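K.L.:
the following block contains a protein sequence and its predicted model.
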Amino acid sequence: MIAAMDISIRKAERSKLQDLNLDDLPFGHYFSDHMLEADYENGEWKNVEIKPYQPLLLNPSVAALHYGQAIFEGIKAYKDAEGNAFIFRPQDNYKRFNISAERMQMPQVPEELFMEGMRQLIALDKNWIPTRQDHSLYIRPFMFSSDEVIGVRPSDTYKFMIILSPTGPYYSAPMRIYVEEKYVRAAPGGVGYAKAAGNYGAAMYATAQAKKKGYDQVLWMDAFEHKYVQEIGTMNVFFIIGNTAITPDLNEGTILDGVTRQSAIQLLKEMGFKVEERHLSIDDIIEAYKAGLLYEVFGTGTAATISFIKELRYKDFVMKFDVENWKTAPTLKNWLTDIREGRREDKYGWMYQI
């Protein structure tokens, strides 16, 4: 187990922050002064250090580059009006990280290492948390296999790291989404529920094809019938049909159990919506649209937060939405933002103070 006193800290001589404008930040382009690094060897975690952000020196035979044993999480930190720093629901990300680790045959990361390491790292780089609306400090814990051996088997050694990136909104405008009919993101029994790096690499080709057609992302369908909706690229998805909010269920293990998804379900219930987690076919979506009952479609995710969808295309049928007159998704986004930034009561215990 890793205790707080076991984390050594080596500070950067000069902060890069003075060279950066925190009011103009594209997502994931800039990184804070420090990072956390730890090694797994001989069945235990060791060499836990917070040190200046720097490149890694890797052997070309490092196992992660060849066999894809790599997982990550996405978390965000915010400041309230008094300048206090908070992390949004990190315990949920910690639990999901180890679920991913188990699926990918990787070691469990102790809570003391994940949570206390993150806390100390953010405390050191607290000034990197932007205060502008829709901005935050994006936290990226990740782990990869580090054996310097070519061979198809779980690695014996691993590296766990956390890096920080001050960032603006992932999607700055309402999105156009293409319903994918051919390519598949995940199937039952696969790794769709894990936040494995390979899931995202495998999705890039279909996404690129959709972008050539003028769309921002794809809505994945089930692997067998290409009939039931699953998730959108970097987000879970919600459909407001009548007075019901519907989102795909997690039962088949093909989609990510999103932390923002969990939060949205809780808040939608408080708004008075009936929330259903279930199979939803594209035919039912189109039928609701034609009947004038499909009021809103939006994505939820750590990076994306709440992202409005202004167009959904299935084959040659295009569904367009007047996002300017929406009520639900904007309210949901505002509630989440206000909780994160201390303007609304956090009665759920979601905010973890640094």
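P.N.:
Here it is on my side, so go on.

K.L.:
which ones are touching the closest residue to residue 277 other than its chain neighbours?
P.N.:
What sits nearest to residue 277 in space, not counting adjacent residues and going by Cβ to Cβ, 6 or more residues apart in numbering, is residue 249, at 4.2 Å. Every residue, glycine included, has its C-beta placed from N, CA and C. For residue 249, the contact set (Cβ atoms under 8 Å, 6 or more residues apart in numbering) comprises 277-279.

K.L.:
out of the residues you listed, which one sits closest to residue 298?
P.N.:
For the contacts of residue 249, the residue nearest residue 298 by Cβ to Cβ is residue 277; the value is 15.7 Å.

K.L.:
my guess is the closest one contacts residue 265. True?
P.N.:
Yes: with contacts counted by Cβ atoms under 8 Å, residue 277 reaches residue 265, the gap being 7.5 Å.

K.L.:
of these two, which one has the most company?
P.N.:
residue 265 (19 against 14; other Cβ atoms under 10 Å).

K.L.:
do you know how far the more buried one is from residue 276?
P.N.:
Residue 265 sits 10 Å away from residue 276, going by Cβ to Cβ, to the nearest Å.

K.L.:
overlap in contacts of these two?
P.N.:
Contacts common to residue 265 and residue 276, judged by Cβ under 8 Å, 6+ apart, are 245, 247.

K.L.:
so which of the contacts of residue 249 are in helices?
P.N.:
Among those, no member is found in helices (DSSP state H).

K.L.:
I'd like to know which of those residues are part of strands.
P.N.:
residue 277 (DSSP state E).

K.L.:
pLDDT and distance to residue 213 for the contacts of residue 249 - can I get that in CSV?
P.N.:
Shown next, in CSV, are the contacts of residue 249 (pLDDT from 0 to 100; distance: Cβ to Cβ, whole Å):
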residue, pLDDT, distance to residue 213
277, 98, 30
278, 97, 29
279, 97, 27
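
K.L.:
before we move on, back to that, so for residue 277 and residue 265, which residues contact both of them?
P.N.:
By Cβ under 8 Å, 6+ apart, the residues touching both residue 277 and residue 265 are residue 247.

K.L.:
neighbouring contacts of stretch 60-68?
P.N.:
By Cβ under 8 Å, 6+ apart, stretch 60-68 touches 58, 69-70, 144-152, 155, 196-198.

K.L.:
farthest-separated two in those?
P.N.:
Within the contacts of stretch 60-68, 148 and 196 form the most distant pair, 21.6 Å apart (Cβ to Cβ).

K.L.:
give me the more crowded residue out of these two.
P.N.:
Looking at residue 148 and residue 196 with other Cβ under 10 Å, you find the greater number of neighbours at residue 196, namely 22 against 12.

K.L.:
hmm, residue 71 and the more buried one touching each other?
P.N.:
Yes: taking contacts as Cβ under 8 Å, residue 196 lies within contact range of residue 71: 5.4 Å.

K.L.:
now do the shared contacts for those two.
P.N.:
Common contacts of residue 196 and residue 71 (Cβ under 8 Å, 6+ apart): 100, 104.

K.L.:
how long is stretch 226-245 from one end to the other?
P.N.:
One end of stretch 226-245 sits 22 Å from the other (Cα to Cα, to the nearest Å).

K.L.:
over to stretch 228-244?
P.N.:
End residues of stretch 228-244 are separated by 18 Å (Cα to Cα).

K.L.:
tell me the mean pLDDT over it?
P.N.:
What stretch 228-244 shows for mean pLDDT is 96.

K.L.:
same question for stretch 249-266.
P.N.:
97.

K.L.:
mind listing what's buried in that stretch?
P.N.:
For stretch 249-266, a neighbour-count test (16 or more other Cβ atoms under 10 Å) marks 250, 252-265 as buried.

K.L.:
where helices are concerned, which of those count?
P.N.:
259-265.

K.L.:
turn those residues into CSV, columns for distance to residue 284.
P.N.:
Formatted as CSV, those follow (distance: Cβ to Cβ, whole Å):
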residue, distance to residue 284
259, 27
260, 24
261, 20
262, 24
263, 25
264, 20
265, 20
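
K.L.:
and the furthest pair within those residues?
P.N.:
Farthest pair in these, by Cβ to Cβ: 259 and 265, 11.0 Å.
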